[in-house]
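J.: The amino acid sequence is not available; the structure is as follows:
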Ligand SMILES: *[C@@H]1O[C@H](CO)[C@@H](O)[C@H](O)[C@H]1NC(C)=O
Ligand SMILES: *[C@@H]1O[C@H](CO)[C@@H](O)[C@H](O)[C@H]1NC(C)=O
């Protein structure tokens, strides 16, 4: 019956067997379809119930799930993807010489360790930066700190982001916490310090890599490393360095000194050019050895960026470097994206920032220093300096006491003399007054 009803005109053209198969299949397929449909309905019901459960049990997921659902109801399927899939064109974030005009984002990274005393100064620098703050994302690594760094940082960040001037607030801010077992350096013999130096640098390298890899986003064109203990730097430092359009660039870093120590001094000796002597030395060293600059143990005779400074030199003058220091580094984000990092092992006999410079060079990136563009590191007196300063203070006080006594003596003498002169010649002011003037400004004669 079914067969006749279903047979259109052309049925006769089909072989009988085929027709029989078709018709014979259909009746049996009906319950199967129904079962499948029921299964689907149950699955959908089950899915709906679990979704509701999830939404009520994990309220934090609501934000993620509800918009996706509502979008799914009102828009074609393609829009559903927008919520969870992001597309980035990294050719747009290469970094150019006028990044501030093109809206290029900078990731500014600062490792902190027992730094609470430096934070007010650091935040003053942040506020003074002329690069558009909304284009700068800040990231801090707080590690191995025994002081109040973290709490203070949190407070100051809230204050900064809540400033009444809307131009003051920065972009995204990340605070990362992780200890690396960096021990507080005790006052030990200098030889020991020299050996401890390599280990310290390797730990510091790890800290930098953690901070960077946790916070670098596809939106960043530049990465700026800046230490918290910089005392003086131009407000335009980001633009000044960026204008050179180099892959890696550092300023010269000096520090002010008290007058008795000469007034100023090169600070960062990690920025240098490779020398034949140093290469020959490196060849003689163990594979795991790390050369650290500024110690007599390794006389490398390298040209240091710091020593090439001329206070009247052109601040835009460039110098090719191999190793660099970490106080203030501006680098294109692509340098890190392509795998250059801070080696926490001996890379060409160097670690951390010096190893970073060498690795960037190996990957054919430009590594540049500016000998006459200077920023100033905070001067923190060493124990020796403090001792010396205490001695000088005592000497100074002794001198002042002596001076006072001499003045008093001179005063008395002068009074006696002038009394004598007055007695002899009346009130005439004569050469007798001279010694009083020589006695200095404390003179009670005036
Ligand atoms: C920031 O700018 C203000 C005003 O010019 C200045 O007083 C302050 O010293 C600057 N801060 C730093 C750290 O240079
Ligand atoms: C933000 O600033 C306003 C006033 O400018 C102040 O009332 C508010 O308490 C501040 N909020 C925080 C979290 O500091």
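T.: Nice, thanks for sending it over. If you're wondering where the values come from, they're calculated on a predicted model, not measured in any experiment. Ligands and ions are numbered 1, 2, ... in the order given.

J.: helix/strand/coil for the residue of the stretch 251-400 of the chain found nearest ligand 1?
T.: At 9.9 Å from ligand 1, residue 376 is the closest residue in the stretch 251-400 of the chain, using C-beta to the nearest ligand atom. The way it works is simple: take the backbone N, C-alpha and C, and place the C-beta from them, glycine included. Under DSSP: H, G, I helix; E, B strand; the rest coil, residue 376 falls in the strand class.

J.: same question, residue 223
T.: Strictly by three-state DSSP, residue 223 counts as strand.

J.: Contact partners for it?
T.: Taking C-beta atoms under 8 Å, 6 or more residues apart in numbering, we find residue 223 in contact with 106, 107, 109, 212, 216, 329, 330, 331, 332, 333, 335, 336.

J.: So the fifth one is in contact with residue 335, correct?
T.: No. Judged on C-beta atoms under 8 Å, residue 216 makes no contact with residue 335 at a distance of 10.9 Å.

J.: okay, the two: which has more neighbours?
T.: residue 335 (22 against 17; other C-beta atoms under 10 Å).

J.: and stretch 130-137, does that touch ligand 1?
T.: No. Applying C-beta under 6 Å from any ligand atom, one finds stretch 130-137 separated from ligand 1 by no less than 10.8 Å.

J.: Tell me which residue of the stretch 1-150 of the chain lies closest to ligand 2.
T.: residue 123 (14.3 Å).

J.: per-residue confidence at the residue lying closest to that residue once chain neighbours are set aside?
T.: Excluding its sequence neighbours, the residue lying closest to residue 123 (C-beta to C-beta, 6 or more residues apart in numbering) is residue 156, at 5.2 Å. With respect to pLDDT, residue 156 scores 97.

J.: any idea which helix or strand carries residue 156?
T.: Using DSSP states H and E, residue 156 sits in helix 149-161.

J.: wait, does that helix make contact with ligand 1?
T.: No. Helix 149-161 stays clear of ligand 1 (C-beta under 6 Å from any ligand atom), getting no nearer than 13.4 Å.

J.: Stretch 326-337 too?
T.: No. Judged by C-beta under 6 Å from any ligand atom, stretch 326-337 stays clear of ligand 1, getting no closer than 13.6 Å.

J.: Any idea how far apart the tips of that stretch sit?
T.: End-to-end span of stretch 326-337 (C-alpha to C-alpha, to the nearest Å): 19 Å.

J.: Show me which positions of that stretch end up buried.
T.: 326, 327, 328, 329, 330, 331, 332, 333, 334, 335, 336 (16 or more other C-beta atoms under 10 Å).

J.: Hmm, residue 357 and residue 248 touching each other?
T.: Yes. Here residue 248 reaches residue 357: they are 6.9 Å apart, a contact under C-beta under 8 Å.

J.: Which one's more surrounded, these two?
T.: residue 357 (29 against 23).

J.: Double-check that the more buried one belongs to a helix.
T.: Yes. Counting by three-state DSSP, residue 357 is found in a helix.

J.: For it, give me its contacts.
T.: 248, 271, 321, 322, 323, 324, 367.

J.: quick one: contacts for the residue in the stretch 251-400 of the chain that ligand 2 sits nearest to?
T.: Here the stretch 251-400 of the chain gets closest to ligand 2 at one residue, residue 378, 28.2 Å apart by C-beta to the nearest ligand atom. Residues near residue 378 by C-beta under 8 Å, 6+ apart: 118, 121, 229, 230, 231, 255.
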